[in-house]
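> can you look at this prediction? I've put the sequence above it.
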Amino acid sequence: MNKQEALSLLETIKYPNLDKNIVELNLIETLEVEGKSLHVQLNLQNEEALISLVKTIKELFKNHFLDISVDKKIKKSKSLHYGSSLNPNNRAPYAKKVIAISSGKGGVGKSTLSANFAVGLAQHGYKVGLLDADVYGPNIPRLFGLESEKLIWNEKNKIEPHENFGIKIMSVGFTTPSHDTPLVWRSSVAISALVQFLEDVDWGELDYLVIDMPPGTGDVQLSMAEELPLYGAIIVTTPQTLSTDDVSRAIMMFKEVRVPILGLVENMSYFEAPDTGKIYEIFGKSKAKELCQNYKLKLLGKIPLDIEIRELSDIGKLPIAFAEEKNKKIYREICKQVIEEA
């Protein structure tokens with residue numbers, strides 16, 4: 001069998017779950033035929049597809065060659081360290097504006113705001129992507145009702161983002177075998193995964209890329225400021241002193257890396273009794289105005305501690321789309337202010 005005959009045989013192999021063969025998808029990087037030896041090198045990164053294709057190729061050629069080797073092209077490692085906050089890289093040239101949503105500590109409702117904010121932008125007719133960068137606590141899949149979804153690779157050998165509510169979504173939560181699988185990653189591995197999500201996902205052209213950041217002021221926050229020209233950040237806090245202490249540090253971090261802060265959102269700001277309408281400050285008196293005055297920030301909104309918001313979020317029905325009008329209006333007003341600022 002010569003090289004052309006081997007190529008013709010490879011054309012009969014379909015890429016898993018696609019109706020196209022591996023030759024027309026340009027996945028054959030190298031094809032070498034020497035006597036009874038065959039070497040095929042594939043240009044793809046999907047490990048599951050690679051395992052399947054290696055098995056298929058060896059089975060197909062076993063009666064034609066004594067020695068069959070199939071491997072993949074080694075992808076050149078991505079550079080992660082040559083950007084700086086003063087002169088950041090642009091890992092997302094497909095997005096007109098990149099907005100980071102961050103907090104000083106976990107559990108303040110940052111992911112819930114990220115999800116509703118992204119959908120709010122889409123409701124204004126913008127093309128929106130949402131990247132879940134909270135690698136150790138990825139909640140975006142559940143908020144969108146996508147907690148059972150896994151990574152999908154398309155015919156361009158790119159990761160296909162999942163879609164819901166009119167936006168494109170990517171999360172490290174799609175990479176785990178089950179929802180309770182922990183990601184025990186060092187920060188360098190987490191950053192590498194996020195860079196891959198920026199560069200290897202088929203986002204298409206976006207007006208906005210919203211990034212749900214992990215809490216705190218660590219490597220991921222710094223790396224995002226170095227690898228993306230961030231349009232700005234939205235900071236989320238609660239009235240609790242423990243939260244405002246931490247959010248102050250987050251504010252100063254963004255100021256130090258020269259990322260504009262678009263505004264502050266105070267979540268769980270108050271509880272309104274459904275029977276009497278009386279306001280209770282469960283987490284203490286609101287400190288939003290004080291924070292904004294101290295750090296010269298804009299107060300984008302105060303979101304109540306509301307059972308409807310919690311219940312809808314738990315079942316993948318985002319409040320900005322399914323809640324009563326008073327709760328929808330809060331999220332829409334936050335979006336409106338950011339859009340008008342642009």
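Looks like it arrived, so ask away.
> residues in contact with Tyr15?
Counting by Cβ atoms under 8 Å, 6 or more residues apart in numbering, Tyr15 touches Asn21, Ile22, Leu25, Leu27, Ala49, Leu53, Glu155. In short, each C-beta sits where N, CA and C put it, glycine included.
> which element is the last one on?
Per DSSP states H and E, Glu155 falls between elements, in no helix or strand.
> quick one, phi psi at it?
Its backbone dihedrals place Glu155 at phi -70, psi -10, with angles given as degrees, to the nearest 10.
> now the residue nearest in space to the middle of the chain. Nearest residue, chain neighbours left out?
Averaging the C-alpha coordinates of the chain gives a centre point, and the residue nearest to it by Cα atoms, centre = their mean is Leu131 (1.8 Å). Of all residues beyond its chain neighbours, the one nearest Leu131 is Ile211 (4.9 Å), with distances taken as Cβ to Cβ, 6 or more residues apart in numbering.
> from what I can see the one you found touches Ala100, true?
Yes - using Cβ atoms under 8 Å as the test, Ile211 is close enough to Ala100 to be in contact (4.7 Å).
> joint contacts of these two?
Taking Cβ under 8 Å, 6+ apart as the contact criterion, the common neighbours of Ile211 and Ala100 are Met224.
> what mean pLDDT does stretch 32-50 have?
In this model, stretch 32-50 has a mean pLDDT of 88.
> buried ones in that stretch?
Val33, Leu38, Val40, Gln41, Leu42, Leu44, Gln45, Asn46, Ala49, Leu50 (16 or more other Cβ atoms under 10 Å).
> next: stretch 282-299.
For stretch 282-299, burial by neighbour count (16+ other Cβ under 10 Å) applies to Phe283, Ser286, Lys287, Ala288, Leu291, Cys292, Tyr295, Leu297, Leu299.
> now, which of the residues you listed lie within strands?
Counted as lying in strands by DSSP state E, out of those, are Leu299.
> phi, psi for Ala233 please.
Dihedral angles of Ala233 (phi, psi; degrees, to the nearest 10) stand at phi -130, psi 150.
> OK, contacts around it?
Residues in contact with Ala233, defined by Cβ under 8 Å, 6+ apart, are Ile99, Ala100, Ile101, Ser102, Phe254, Val259, Pro260, Ile261, Leu262.
> for ChimeraX, write the selection for the buried entries among those residues.
This is the ChimeraX syntax for the buried subset of the contacts of Ala233, where burial follows 16+ other Cβ under 10 Å:
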select :99,100,101,102,254,259,261,262
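> going by distance to Ser8, which of the buried residues of stretch 32-50 wins?
Nearest to Ser8 among the buried residues of stretch 32-50 is Val33, at 12.1 Å by Cβ to Cβ.
> host element of that closest one?
Secondary structure here is read from DSSP H and E; on that basis Val33 sits in strand 28-34.
> and that strand, what does it pack onto?
Of the remaining helices and strands, those touching strand 28-34 by 3 or more Cβ pairs under 8 Å, 6 or more residues apart in numbering; DSSP states H and E are helix 3-10, strand 37-42.
> any weak-confidence spans in the stretch 1-150 of the chain?
75-85 (pLDDT under 70).
> strands of that one, start to end?
Assigned strands in the stretch 1-150 of the chain, in chain order: 28-34, 37-42, 67-72, 95-103, 128-132 (criterion: DSSP state E, counting those that start in this stretch).
> outline the domain layout of the protein.
The record assigns the chain these domain ranges, following automatic domain parsing: 3-72, 95-341.
> so of the ones you listed, which one's packed in deepest?
domain 95-341 (a mean of 19; mean count of other Cβ atoms under 10 Å).
> mind listing the helices for the stretch 201-342 of the chain?
219-227, 241-256, 288-295, 307-314, 319-322, 325-341 (DSSP state H, counting those that start in this stretch).
> I'd like the average pLDDT over the fifth one.
The predicted model assigns helix 319-322 a mean pLDDT of 98.
> roughly how far is that helix from the heart of the chain?
Averaging C-alpha coordinates over helix 319-322 and over its chain gives two centres that are 21 Å apart (Cα atoms, centre = their mean, to the nearest Å).
> contact partners for the residue nearest to Leu131?
Ile211 makes contacts with Val98, Ile99, Ala100, Ile101, Ser114, Leu130, Leu131, Ala133, Met224, Leu228, as judged by Cβ under 8 Å, 6+ apart.
> rerun that using 6 Å as the cut-off
Ala100, Leu131, Ala133 (Cβ atoms under 6 Å, 6 or more residues apart in numbering).
> now do it against Val108, distance only.
In this view, Ile211 and Val108 are 16 Å apart by Cβ to Cβ, to the nearest Å.
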